[in-house]
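Student: I'd like to go over a predicted model; first the sequence, then the structure.
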Amino acid sequence: METLLDTIGALALILLIVIGAGAGYLAGKIAGRNMGLYILVGVVAAVATPFLLAALGIGILAAGGLLLLAVVSAIGAMIVLAIVRAIAGRR
């Protein structure tokens, strides 16, 4: 896990935060409410996705570079946001 942190670097972490915030903003606009919740969940999901994949033993992210990292984190954020939307939408 520490090797992944060294590989990602500060620039990639900032990129993940921006991707998560953007996905959360879009989800909040679509839902029409709880904008802060969606942005927070999007950021957490985008940052956590590469770590989760590394913990599962999927090491392709280190070889794929920054673009693959951004794509994977965006997909992870969208999946988590869809789950949150499904749960929060029932209220």
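Tutor: Yep, that arrived.

Student: Just give me how far the host helix or strand of residue 51 sits from the chain centre.
Tutor: Using DSSP states H and E, residue 51 sits in helix 35-55. Distance of helix 35-55 from its chain centroid, counting by Cα atoms, centre = their mean, to the nearest Å, is 4 Å.

Student: What average pLDDT does the helix or strand following it get?
Tutor: The element immediately downstream of helix 35-55 (helix or strand, assigned by DSSP H and E) is helix 60-88. The average pLDDT for helix 60-88 rounds to 80.

Student: can you check stretch 15-29 too?
Tutor: Rounded mean pLDDT across stretch 15-29 is 89.

Student: what does stretch 34-50 give?
Tutor: For stretch 34-50, mean pLDDT is 88.

Student: buried stuff in it?
Tutor: 34, 37-39, 41-43, 45-50 (16 or more other Cβ atoms under 10 Å). The C-beta positions use only the backbone N, C-alpha and C, and glycine is treated the same way.
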